[in-house]
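>>> Provided below for reference: sequence and predicted model.
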Amino acid sequence: MDIYDLYKRMENHNIMLSFSGEVTGELLDSLLAIVESKLETVKENPKIKRKVYNVLVECLQNLYHHSASFSPKDGDATPAALKGKNSTIFMMGRDESLYNIMSGNYIKNEDIEGFKAKLDKINGMDKEGLKAYYKEVLNNAQFSAKGGGGLGMIDIAKKTGQKLNYTFEEVDSDFSFFTLNIQILQI
C-alpha cells in the first residue's frame with residue numbers, strides 16, 4: 001500500500017489523529033496537546049469536547065501504563081522494530097453523529113482473564129452501578145504494580161454511557177493484542 005492509498009482510507013473513515021509506536025511520557029503530553037488543539041478547531045458542544053478529551057486522556061494513559069513489552073518467540077515474523085517494545089496504536093475519528101476512539105496494545109495472556117472479568121463487570125452495570133463501583137474502587141485505594149487504581153475503564157463507561165467494546169487477539173502463547181473501541185455520541 002502506498003502513502004496516498006493510506007491517506008485516502010483515513011480520510012474516508014474520518015480519522016482526525018492516528019499514532020502507532022511506543023507511548024512515552026513526553027509523547028503522551030504531545031498527543032494530548034495535539035488532541036486539544038484539534039478539538040478546538042471542531043465546531044462542537046463544549047460539553048462533548050470535554051467528554052471526548054477526558055476519554056482520550058484515559059485511553060492514552062491506559063496505553064502508557066498498561067502496554068506489555070512484546071517479546072515474541074524466536075523465529076516469529078514480527079518486525080525487529082517491535083520486539084521488546086511497548087508498541088501501541090491509537091486513532092480518533094469523527095463523523096456526523098459520533099466520535100470513535102480506538103486503541104490497541106500488547107497484553108500478556110496471563111493477565112487477560114482478570115482484565116476481561118473486570119471489563120465484563122463494568123459492561124454489566126447501569127449508570128448507578130458504575131457510580132457505586134467507581135466509589136468502591138476509589139475507596140479501596142489499591143494500586144496495581146504499574147501505579148493505576150483501576151478507575152480508567154470505569155470512568156470511560158461512566159462518561160460515554162456506552163459499553164466497552166473490546167477484543168483480545170492472540171499473537172502467540174505469551175501475548176495477545178488488546179483493542180478497545182469507544183464511541184461518544186454527539187448529543
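That came through, no problem. Numbers count the residues shown, from 1 in each chain.
>>> C-alpha only now, for contacts and for neighbours.
OK.
>>> C-terminal to the helix ranked longest in the chain, what's the next element?
As assigned by DSSP state H, the longest helix anywhere in the chain is helix 46-66. Using DSSP states H and E, the helix or strand that follows helix 46-66 towards the C-terminus is strand 87-94.
>>> by how many degrees do that next one and helix 46-66 diverge?
Taking axes from the mean of the first three to the mean of the last three Cα atoms, to 10 degrees, strand 87-94 and helix 46-66 form an angle of 170 degrees between their directions.
>>> let me know the average pLDDT across strand 87-94.
The pLDDT scores in strand 87-94 average 90.
>>> still on that earlier bit, just the CA coordinates of the longest helix of the chain, formatted as CSV?
What follows is helix 46-66, C-alpha atoms only, in CSV (Å, rounded to 0.1, in the frame of the first residue of the first chain):
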residue,chain,number,x,y,z
PRO,A,46,-18.1,22.3,24.7
LYS,A,47,-19.6,19.5,26.9
ILE,A,48,-19.0,16.9,24.2
LYS,A,49,-15.4,18.3,23.6
ARG,A,50,-14.7,17.9,27.3
LYS,A,51,-16.1,14.3,27.3
VAL,A,52,-14.0,13.4,24.2
TYR,A,53,-10.9,14.9,25.7
ASN,A,54,-11.4,13.1,29.1
VAL,A,55,-12.0,9.8,27.4
LEU,A,56,-8.9,10.3,25.2
VAL,A,57,-6.8,11.0,28.4
GLU,A,58,-8.0,7.7,29.9
CYS,A,59,-7.3,5.7,26.7
LEU,A,60,-3.8,7.2,26.2
GLN,A,61,-2.9,6.8,29.9
ASN,A,62,-4.0,3.1,29.6
LEU,A,63,-1.6,2.7,26.6
TYR,A,64,1.2,4.4,28.6
HIS,A,65,0.7,2.5,31.8
HIS,A,66,-0.5,-0.9,30.7
